[in-house]
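> okay, predicted coordinates and the sequence, questions at the end:
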Amino acid sequence: MRIDVITLFPEFMAQSAALGVVGRAAERGLLDLHGWNPRDYAEGNYRRVDDRPFGGGPGMVMLIEPLRACLAAAKAADPAPAPVIYLSPQGKPLTQAKVRELAALPRMILLCGRYEGVDERFLAAEVTEEISIGDYVLSGGELGAAVIVDAVTRLQEGALNDAESAAQDSFEGPQGLLDCPHFSQPAQHEWGDVPDVLRSGNHAAIARWRRQQSLLRTWLRRPDLLDEASLSKADRILLDQARAELP
Ligand SMILES: CC(C)(C)c1cccc(C(=O)NCC2(NC(=O)c3cccc4nocc34)CCCCC2)c1
C-alpha cells in the first residue's frame, strides 16, 4: 500500500515508520510511505504556509495554495486514485472497522493540520473525509497519521509473522473484546502468583479462563464495546459466572 503524508514535519513520519512491524513492512515493500512538506510548495522568499485568521483571534491558519500545490504533487506521484483524509478533531472517530476499510485501498493521502488548522475552502474542495484519533487537544495531526499508518500497515498481507498475526487476531477477535491479563516468569513473585489455570497445561481450561477474563474486563471497563445481545450462549454463561464471582 502507498501512503502519502502531507505534513510540515515529514521527519516525524519517517521516524515513526522506521521501527518494528511498520519498519519491516516498509523494508519488504508492503508499505510505500512518502512525506510531502507544503513549505516546499510555498511561493515567495518567505515561503509562507500560514497566515493570520480573518476575523481575528489567536494563532495562524494553513494557507490554501501551498497545500493545493503540495497535494497536486503528491497525487501526480502515482496513478492510483487516493482518498484525501484530513486528520482532525472534527473527524469521525477511528475504529478498527475503518482501519480494515483503509487497509484494503491501493493508496491514501493523509493531511496533517498545524497551528489553528486548515483554510476551510481547502477542506471543502480537496478533502474526502476527516478522521479523528480521539477527543483531546493535540499540536498537530501527525500523531493521527502515525496511528493510521501503524494500524493499516499491520493488516497488509505479509506484514506480520505467524505469532504476530495470531496476536492481531486475538486483539481483533470476533467481537473485538479487550485483552485478557498476560503473565510470564516468574510464577511466584512478591506482587502475586500466576493464576494456576495458566500453568495447568489444560488448554481448554486456559482458553476458557482467557475468554472469561476478556468478557469480564470488557463488561467492566468498556461496556460500550460489548454487545451483550450478540454474545453466544457460552459467552453469556462465562460472563454471568464471572460477574457472580465478583466481590
Ligand atoms: C477534540 C477536542 C478536545 C474537543 C478539540 C476541539 C478543538 C480543537 C482540538 C485540537 O486538538 N486542535 C488542534 C489540532 N488537533 C488535531 O489535529 C487533532 C486533535 C484530536 C484528535 C485528532 N485526530 O487527528 C487529528 C486530531 C492540531 C493542530 C491543527 C488543528 C487541529 C481538539
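Done, it's in.

> which of the helices and strands in the chain ranks last by mean pLDDT?
Lowest on mean pLDDT, DSSP states H and E among the helices and strands of the chain sits helix 162-172, with a mean of 80.

> angle of the helix or strand that that one is followed by against helix 162-172?
Next along the chain after helix 162-172, taking DSSP states H and E as the criterion, comes helix 203-221. If you take axes from the mean of the first three to the mean of the last three CA atoms, to 10 degrees, helix 203-221 sits at 50 degrees to helix 162-172.

> helices or strands up against helix 203-221?
helix 233-244 (3 or more CB pairs under 8 Å, 6 or more residues apart in numbering; DSSP states H and E). Heads up, the C-betas are built off the backbone N, CA and C, glycines and all.

> so for the helix it packs on, mean pLDDT?
Averaged across helix 233-244, the pLDDT comes to 97.

> buried ones in it?
235, 238-239, 242 (16 or more other CB atoms under 10 Å).

> helix 203-221 and that one, what's the angle between them?
Going by the same axes, to 10 degrees, helix 233-244 makes 60 degrees with helix 203-221.

> which outside residues touch helix 233-244?
175, 208, 211-213, 215-216, 219, 228, 231 (CB atoms under 8 Å, 6 or more residues apart in numbering).

> closest one to residue 94 out of the residues you listed, please.
Nearest to residue 94 out of the contacts of helix 233-244 is residue 175 (CB to CB; 18.7 Å).

> which residues does the least confident helix or strand of the chain contact?
Residues beyond helix 162-172 that count as contacts (CB under 8 Å, 6+ apart) turn out to be 21, 96, 154-155, 160, 179.

> helix/strand/coil for the residue of the chain most remote from its centre?
In the chain, residue 45 marks the outermost C-alpha relative to the chain mean, sitting 37.2 Å out by CA atoms, centre = their mean. Under the three-state scheme (DSSP: H, G, I helix; E, B strand; the rest coil), residue 45 adopts coil.

> so how far is residue 113 from it?
Residue 45 sits 25 Å away from residue 113, going by CB to CB, to the nearest Å.

> burial measure for residue 65, as a count.
When neighbours are defined as other CB atoms under 10 Å, residue 65 has 15 of them.

> picking that back up, which two from the contacts of helix 233-244 end up farthest apart in space?
Those two in the contacts of helix 233-244 that are separated most widely, counting by CB to CB, are 208 and 228, at 18.7 Å.

> those residues of the chain touching the ligand, which are they?
Residues of the chain found near the ligand (CB under 6 Å from any ligand atom) are 87-89, 113-114, 116-117, 132-141, 144.

> doesn't residue 85 lie inside a helix?
No - counting by three-state DSSP, residue 85 is not part of a helix but strand.

> that one against residue 126, yeah?
No - if you go by CB atoms under 8 Å, residue 85 and residue 126 don't touch, sitting 10.9 Å apart.

> okay, these two: which has more neighbours?
Neighbours were counted for residue 85 and for residue 126 using other CB under 10 Å; residue 85 has more, 24 against 18.

> wait, what's in contact with that one?
Per CB under 8 Å, 6+ apart, neighbours of residue 85: 102, 108-111, 127-131, 148.

> low-confidence ranges in the chain?
For the chain, applying pLDDT under 70 flags the ranges 173-174.

> quick revisit: which of the residues of the chain next to the ligand are buried? Put it as a ChimeraX command.
This is the ChimeraX syntax for the buried subset of the residues of the chain next to the ligand, where burial follows 16+ other CB under 10 Å:
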select :87,88,89,113,114,117,132,133,140,141,144
